[in-house]
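Engineer: predicted structure and sequence below. I'll ask about it afterward.
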Amino acid sequence: MFLLTEPSTQVVTKFIARQRESTFSYAEVGATHETPPPGYTIDHNRIQLGSGEQDYQRAVAALRDCGNSSTNKTTPCGTTSLLSLNRVIR
């Protein structure tokens, strides 16, 4: 969600609620659990960036600070309550 001005909490909340109700833009959802459909390639590249509570807290701090760089003109809104241990953000 990209806007020219910071949205209100109500706007962000409504946007997230709409996204939870939306469907995927492709029919093959979940197809990569087995052999992919024709034309799809499974990419299983992964890398561990850290482990433990200290690394987790540093990652959270980096995500919360990502909009504060002088070269970055985007600002995440409403992320403070979304970031928590063992929570999947979708």
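Structural biologist: That came in fine, so what should we check first? Just so it is clear, the structure is predicted and the values come from calculations on it, not from any experiment. Residues are numbered from 1 along each chain as shown.
Engineer: any stretches of this structure with poor pLDDT?
Structural biologist: By pLDDT under 70, the low-scoring segments of the chain are 1, 66-90.
Engineer: just the helices in it please.
Structural biologist: 9-21, 52-65 (DSSP state H).
Engineer: packing partners for the first one?
Structural biologist: Translated: helix 9-21. Secondary-structure packing of helix 9-21 (3 or more C-beta pairs under 8 Å, 6 or more residues apart in numbering; DSSP states H and E): no helix or strand packs against it. To be clear about C-beta, it is placed using only N, CA and C from the backbone, and glycine gets the same treatment.
Engineer: just the CA trace of that helix, in CSV.
Structural biologist: These are the backbone C-alpha positions of helix 9-21, laid out as CSV (Å, rounded to 0.1, in the frame of the first residue of the first chain):
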residue,chain,number,x,y,z
THR,A,9,-4.9,3.9,11.7
GLN,A,10,-8.4,3.3,10.4
VAL,A,11,-7.3,3.3,6.8
VAL,A,12,-4.5,0.8,7.5
THR,A,13,-6.9,-1.5,9.6
LYS,A,14,-9.5,-1.5,6.8
PHE,A,15,-6.8,-2.3,4.2
ILE,A,16,-5.5,-5.2,6.2
ALA,A,17,-9.0,-6.5,6.8
ARG,A,18,-9.7,-6.4,3.0
GLN,A,19,-6.4,-8.2,2.2
ARG,A,20,-7.3,-11.0,4.6
GLU,A,21,-10.5,-11.6,2.7
